[in-house]
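A.B. asks: 3D, please:
(one chain, ligands or ions: 3)
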Amino acid sequence: MIRVVMPKLFNKFPISEQFIPHGHCYLWKPGLVWLHVVSDSLIALAYYSIPLMLVYFVRKRKDLPFDWIFLLFGAFIVACGTTHVMEIWTLWHPDYWLSGFFKVITAIASVSTAMLLIPSMPKAVALPSPAQLEAANVILQNEINERKRAEEKLLHNAFHDSLTDLPNRALLMDRVKQAFIYSKRHQEYLFALLFLDMDRFKAINDTLGHSMADQLLIDFACRLKKCLRPEDTIARIGGDEFVVLLEDIKDINNAILVAERIQKALILPFQVKGQEVFVTTSIGIALNTTHHVFPEDVLRDADVAMYRAKALCLGQTRYQVFDTSMYAQASKPSHLETELRRAIEREELRLNYQPIVLLESGRITGFEALVRWQHPDKGLVSPAEFIPLAEETGLIVSLGWWVLREACSQMRAWKLRCPETEPLTISVNISGKQFSQPDLSEQIKQILQETKLNAYSLKLELTESALMENAEVATTMLLQLQALGIRISLDDFGTGYSSLSYLHRFPIDTLKIDRSFIMDLGADLEKMEIVRTIIALAKNLKMEVIAEGVETRQQVDQLLSWECKFGQGYFFSKPLDSQTTEVLLVTTNQHLPCMTR
Ligand code: C2E
Ligand code: MG
Ligand code: MG
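C.D. replies: Numbering: from 1, shown residues only. Ligands and ions are numbered 1, 2, ... in the order given. As a prediction, the model looks like this:
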């Protein structure tokens, strides 16, 4: 086709012989055309292969310093290729078109080689000076240090709590695992886990706000650290959950000692942004034993013991050592809880009344209302069994309102039935949870109106921990109650915080000395001294004192010798149901016969 078209074209536009490169002119003799073709093909092959080899070589040896050699070589090839570009026109010549065809190929080869070669050439590298090297070295070292620090920080963050900087659950479990493995090889090796859970942390969080609650957690962690040896691990494994790992201990007493030390360290309030916050914590203690199969089992047992401690509401000594019977107890509440819920609805709760008397004469001045659960199968259930559960589940609030209403209406009924009785008071126990109800005084006011009981006839019994748990609002709340004419007794005094400094802060009318002190009167000199001091203190602060759990005449005499005015206990009367109490009131004319014995 080309052979047909090209001659025709050249006949139309004849090209002078002088434009044909001379080298090719003389080669163009009939018969020598194939020699020309072969020579041009070889040249084309060379144009292809040499630069390609060059490109290959350059790419392999990037470190070669003689980059200018490649530059020159590349330029030469490009130049040669360019001369061939100039000769492309021969493509149109009827006799030279084949030669022109090869020129085109060689031209394309050289241009593409240049394009490949130039970017492949190594850049000229100026050798840096020693100062520059030094500076680069410093930068590099800094970068390495920075990366190392970042790696260390990442590692630290992976195993530490970001708020308190204590080890987190992962690190704790790693250490527990190590201790656990060691204990399996050394039978005598003991370690203990103390599971701590702050009481009422949610309420603190809600009242103080998150930033203050965070600060409290940080301070709490600091205080805990001070109670431990440097080699002990203390970890934060949840919002208000902390775990202490005590390694290589002798026996359970070591762990108990630490738990007591922690509880003691928490007696003083925390100062968070100028506010005093009282914190208590429930502690569960578990030792590694042979029945543990996995390290996690020890933690689970400590957790179970902690729940037990919380449920028991043991005042300030809120710790429990795990024992296997707790497994059964752990599943018990759910059933008991539904039963208790029903008990309130089905009115299975009853009130018993225990007289509070003038020690001197045995005259009844009032009663303490004490709740009982008349269980359809179990009979009379003691409050010690269900009050902690009611506290834990929040049922205590509705239970508490029922008790208050019932006690007030009963007292009003007695006053109506026995109008000749001297002023009697009714004391009602108020739990910490109920005390924290914002509308407490309003509700009480309403109950007093409904039952038509004089506010002066009502006394509320609060424990020290209930006050301290609500320290932020306690004063306001107590002042509101006082304004209504209601009086406040501090129940179980001496077992809780026993911090006398707060007594004058709150408008408290009566101190009820805990039964545990009265019980040991005459036997324990230290406790006797405490009781004597409490009575003297109350006198100074113009408060009344009631001794709880008075069981003997000797105790009465001892208390009288210290000028303690009131008492309550089995010596006078056990708690009685309402009918028996009424009979007692009527028949004794308010004077208990025990005093005449
Ligand atoms: P508490 O308020 O300190 O009540 C005194 C407890 O000591 C009563 O136990 C009473 O029966 C007992 N007691 C009184 N005198 C003697 C004595 O001479 N010897 C002995 N061994 N015990 C004596 P109870 O009725 O079992 O109540 C236990 C606790 O349950 C109460 O301690 C109180 O904290 C709580 N509780 C009882 N009723 C209520 C209630 O209605 N609401 C709330 N929140 N708690 C209640
Ligand atoms: Mg009481
Ligand atoms: Mg008491």
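
A.B. asks: so where's the longest strand in this protein?
C.D. replies: Of all segments of type strand in the chain, defined using DSSP state E, the longest is strand 364-375.

A.B. asks: ok, that strand: who's next to it in the sheet?
C.D. replies: strand 349-358 (antiparallel), strand 379-381 (antiparallel), strand 425-429 (parallel) (DSSP bridges).

A.B. asks: chain center to the last one: distance?
C.D. replies: Right, strand 425-429. In this view, strand 425-429 has its centroid 39 Å away from the chain centroid, taken as Cα atoms, centre = their mean, to the nearest Å.

A.B. asks: the shortest one too?
C.D. replies: When distances are taken as Cα atoms, centre = their mean, strand 379-381 is centred 39 Å away from the chain's centroid.

A.B. asks: what do you get for the longest one?
C.D. replies: Remark: strand 349-358 is offset 43 Å from the chain centroid, using Cα atoms, centre = their mean.

A.B. asks: show me which positions of it end up buried.
C.D. replies: L349, L351, N352, Y353, Q354, P355, I356, V357, L358 (16 or more other Cβ atoms under 10 Å). (Glycine included, C-beta is placed from N, CA and C.)

A.B. asks: closest to ligand 2 among the residues you listed?
C.D. replies: Using Cβ to the ion, Q354 comes nearest to ligand 2 of the buried residues of strand 349-358, at 9.1 Å.

A.B. asks: what are the bridge partners for the closest one, then?
C.D. replies: With DSSP bridges applied, Q354 shows beta-bridge pairing to E368.

A.B. asks: right, and it touches R372 too?
C.D. replies: No - with contact defined as Cβ atoms under 8 Å, Q354 does not count as touching R372 (11.6 Å).

A.B. asks: and stretch 511-525, is it in reach of ligand 2?
C.D. replies: No - applying Cβ under 5 Å from the ion, one finds stretch 511-525 separated from ligand 2 by no less than 6.6 Å.

A.B. asks: what residues does that stretch touch?
C.D. replies: Applying Cβ atoms under 8 Å, 6 or more residues apart in numbering, the external contacts of stretch 511-525 come out as 461, 489-495, 527-528, 530-531, 534-535, 538, 543-551, 554-555, 558-559, 564, 568-569.

A.B. asks: ligand 1 next: which of the residues you listed are close?
C.D. replies: E461, D491, D492, E548, G549, V550, E551, Q568, G569 (Cβ under 6 Å from any ligand atom).

A.B. asks: could you find the lowest-pLDDT member of the residues you listed?
C.D. replies: Minimum pLDDT across those is recorded for D492, with 91.

A.B. asks: quick check: that one is in a helix.
C.D. replies: No - per DSSP: H, G, I helix; E, B strand; the rest coil, D492 lies outside any helix segment and is strand.

A.B. asks: give me every residue in the stretch 301-450 of the chain lying close to ligand 1.
C.D. replies: Taking Cβ under 6 Å from any ligand atom as the measure of proximity, the stretch 301-450 of the chain contacts ligand 1 at Q354, L370, V371, S382, P383, A384, I387, G400, V403, N429, S431.

A.B. asks: many thanks, have a good one.
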